[in-house]
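S.K.: return atomic coordinates for the entry below.
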Amino acid sequence: MASGTSEQAFFPRKLRMGMIGGGRDAFIGAVHRRAAMLEGMVDLVAGCLASTPEKSKASGKDLYLPDNRVYGTYQEMVEAEKKLPEGERIDFVSIVTPNHTHYAIAKAFVEAGFHVACDKPMVHTVEQALDLVKAVKRHKVVFMVTHNYTGYPMVKQARYMVRGGAISKIQKIIVEYPQGWLLKRIELEGQKQAGWRTDPKRSGASGCIGDIGSHCENLVSYITGLELEAICADLTIYAPGRQLDDDGNILLRFKGGAKGILTASQICPGQENSLTIRVWGTKAGIEWHQEDPNYLHLRSNDGPETVYKRGNGYLCEAAKAGTRIPSGHPEGFIEGFANLYKNFTDTIRAKMLGVEPTEVQLDFPTVEDGARGVFFINKAVESSASTVKWTSFDSPYG
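M.R.: Numbers count the residues shown, from 1 in each chain. I've put the predicted structure just below:
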């Protein structure tokens, strides 16, 4: 391939997006749609938007989709779209359904040659993850897992600084994600999001760790580049009668000697989405808060605290590329998702143009990242159930 550039201005049209899930009463589907189309270079043209054909059709009308491009099942959508001429069919599909459906849907679209964006966690089991990694490589499609917090500009700045040696050798990491929304069993009151997230058949082996602890693991890996060596997990079900963990505390040992603590909980009253990461090295430490995402703190024993602010020219290229508006005007959740979709779709365009995507364009969570996250969730459950202190983390994904 020829060398790529940071802009793909010569691509002749918008990319065509399809969506599985995300119809009426869904939360995250609307976030994905808005994020993917924020740059004005993607159009939603087709979808299977709900678990029943009737609701899918109704959801399609809500989104002004042509009736013949709104499908009753994902299988129908795969078959119909791949039969369309290249100038009409979707270029990629976004999967925003409950966890238990991800594997079959993703596998079907990958094998049909479509690029895929999939919500996290990617699949349920390690075996499914391995199979999907192989399928993506075999069919040479672009695959993204939407760990959206890696899309924030100051998270990209943290990665640049930590991996560039600004804090020197990493010794300790603390990452936490407390929420309070599952303090009571609202899944029994018909709350849709709580319903499937607390159901092992739909959510998978873990509740809290699978839902938000997976974000913690991904954030640590993205910023530090460290590989886990072993974990010691203690997962708890606090709400009586609930089947999956709603709280988790995990000790982390990394290759090279660094150690850490990962804590995630959905039973902390008053907490909303307080994802925070702190990484300390032998020289300095960094700190980032998701609820105040436009600032990155650098501290040491040798001088005053330095606060890096989103939207300034002194930031790294990845952080600047993920910024749309001037400093002092907040950017956040939707924009973080949008940065992932921008890099994902820029990489698709580069592939279609026959040019090599840039390092910035390739900056999104891949199928391997998704597989490592699935491995982490299952290892956390295994460790919590074990009577031994440490569970080896021999991940094939790094």
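S.K.: leaving out chain neighbours, which residue sits closest to residue 69?
M.R.: Distance criterion C-beta to C-beta, 6 or more residues apart in numbering; nearest residue to residue 69, sequence neighbours excluded, is residue 46 at 3.9 Å. In this view, the C-beta of every residue, glycine as well, is placed from N, C-alpha and C.
S.K.: and residue 150, by the same measure?
M.R.: Nearest residue to residue 150, sequence neighbours excluded (C-beta to C-beta, 6+ apart): residue 222, at 4.7 Å.
S.K.: tell me the contacts of the one you found?
M.R.: When contacts are counted by C-beta atoms under 8 Å, 6 or more residues apart in numbering, residue 222 is found next to 147, 150, 155, 159, 365.
S.K.: contacts only, for the residue nearest to the spatial centre of the chain.
M.R.: Geometric centre of the chain, nearest residue: residue 147, 1.3 Å, by C-alpha atoms, centre = their mean. Taking C-beta under 8 Å, 6+ apart, we find residue 147 in contact with 120, 214, 215, 218, 219, 222, 340, 365, 369, 373.
S.K.: so the last one is in contact with residue 217, correct?
M.R.: Yes - with contact defined as C-beta atoms under 8 Å, residue 373 reaches residue 217; the gap is 6.0 Å.
S.K.: next step: the contacts of residue 147 restricted to helices.
M.R.: 214, 215, 218, 219, 222, 340, 369, 373 (DSSP state H).
S.K.: how near is the last one to residue 273?
M.R.: So the one you mean is residue 373. 18 Å (C-beta to C-beta, to the nearest Å).
S.K.: neighbour count: those two, which is higher?
M.R.: Neighbours per residue (other C-beta atoms under 10 Å) separate residue 373 from residue 273, with residue 373 holding more: 27 against 14.
S.K.: and the ones in helices among the contacts of residue 147 as JSON lines, adding pLDDT and distance to residue 312?
M.R.: Listed next are those as JSON lines, based on pLDDT from 0 to 100; distance: C-beta to C-beta, whole Å:
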{"residue": "214", "pLDDT": "97", "distance to residue 312": "31"}
{"residue": "215", "pLDDT": "98", "distance to residue 312": "26"}
{"residue": "218", "pLDDT": "98", "distance to residue 312": "26"}
{"residue": "219", "pLDDT": "98", "distance to residue 312": "22"}
{"residue": "222", "pLDDT": "98", "distance to residue 312": "21"}
{"residue": "340", "pLDDT": "98", "distance to residue 312": "22"}
{"residue": "369", "pLDDT": "97", "distance to residue 312": "28"}
{"residue": "373", "pLDDT": "97", "distance to residue 312": "32"}
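S.K.: CSV for those, including distance to residue 326?
M.R.: Shown next, in CSV, are the ones in helices among the contacts of residue 147 (distance: C-beta to C-beta, whole Å):
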residue, distance to residue 326
214, 33
215, 28
218, 29
219, 26
222, 26
340, 22
369, 31
373, 34
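S.K.: now a PyMOL select for only the buried ones of the residues you listed.
M.R.: To isolate the buried members of these in PyMOL, using 16 or more other C-beta atoms under 10 Å:
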select buried, resi 214+215+218+219+222+340+369+373
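S.K.: closest to residue 93 out of the ones in helices among the contacts of residue 147?
M.R.: residue 340 (15.1 Å; C-beta to C-beta).
S.K.: tell me the SS of residue 107?
M.R.: What DSSP: H, G, I helix; E, B strand; the rest coil gives for residue 107 is helix.
S.K.: contacting residues for it?
M.R.: 131, 132, 135 are the contacts of residue 107 under C-beta under 8 Å, 6+ apart.
S.K.: nearest to residue 336, of these?
M.R.: Nearest member of the contacts of residue 107 to residue 336, counting by C-beta to C-beta, is residue 132, at 24.0 Å.
S.K.: show the pLDDT at residue 226.
M.R.: Confidence at residue 226, expressed as pLDDT, is 98.
S.K.: and it, how many residues sit next to it?
M.R.: Residues contacting residue 226 under the criterion other C-beta under 10 Å number 20.
S.K.: what's the answer for residue 134, then?
M.R.: For residue 134, using other C-beta under 10 Å, the count is 12.
S.K.: A helix includes it, no?
M.R.: Yes - under three-state DSSP, residue 134 sits within a helix.
S.K.: what about the strands in the stretch 251-398 of the chain?
M.R.: 259-265, 276-281, 285-289, 295-299, 306-309, 355-356, 391-392 (DSSP state E, counting those that start in this stretch).
S.K.: format those strands as CSV; extra columns: mean pLDDT, mean neighbour count and distance to residue 15.
M.R.: Shown next, in CSV, are those (pLDDT from 0 to 100; neighbours: other C-beta atoms under 10 Å; distance: least, C-beta to C-beta, whole Å):
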stretch, mean pLDDT, mean neighbour count, distance to residue 15
strand 259-265, 98, 22, 34
strand 276-281, 98, 21, 32
strand 285-289, 98, 21, 31
strand 295-299, 98, 18, 32
strand 306-309, 98, 15, 32
strand 355-356, 94, 16, 16
strand 391-392, 96, 16, 42
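S.K.: can you tell which of those strands is closest to residue 110?
M.R.: The nearest among the strands of the stretch 251-398 of the chain, by C-beta to C-beta, is strand 355-356 at 21.8 Å.
S.K.: list the strands paired with that closest one, with their directions.
M.R.: Its sheet considered, strand 355-356 pairs with strand 2-3 (parallel) by DSSP bridges.
S.K.: what's the following helix or strand past the partner strand in contact with?
M.R.: Moving toward the C-terminus from strand 2-3, the next helix or strand (DSSP states H and E) is strand 15-20. With contacts defined as C-beta under 8 Å, 6+ apart, strand 15-20 is touched by 29, 32-33, 36-37, 41-49, 74, 77, 81, 88-97, 101, 105, 114, 345, 348-349.
S.K.: at 7 Å instead, please
M.R.: Contact with strand 15-20 is made by 29, 33, 36, 41-49, 74, 77, 81, 90-97, 105, 345, 348, as judged by C-beta atoms under 7 Å, 6 or more residues apart in numbering.
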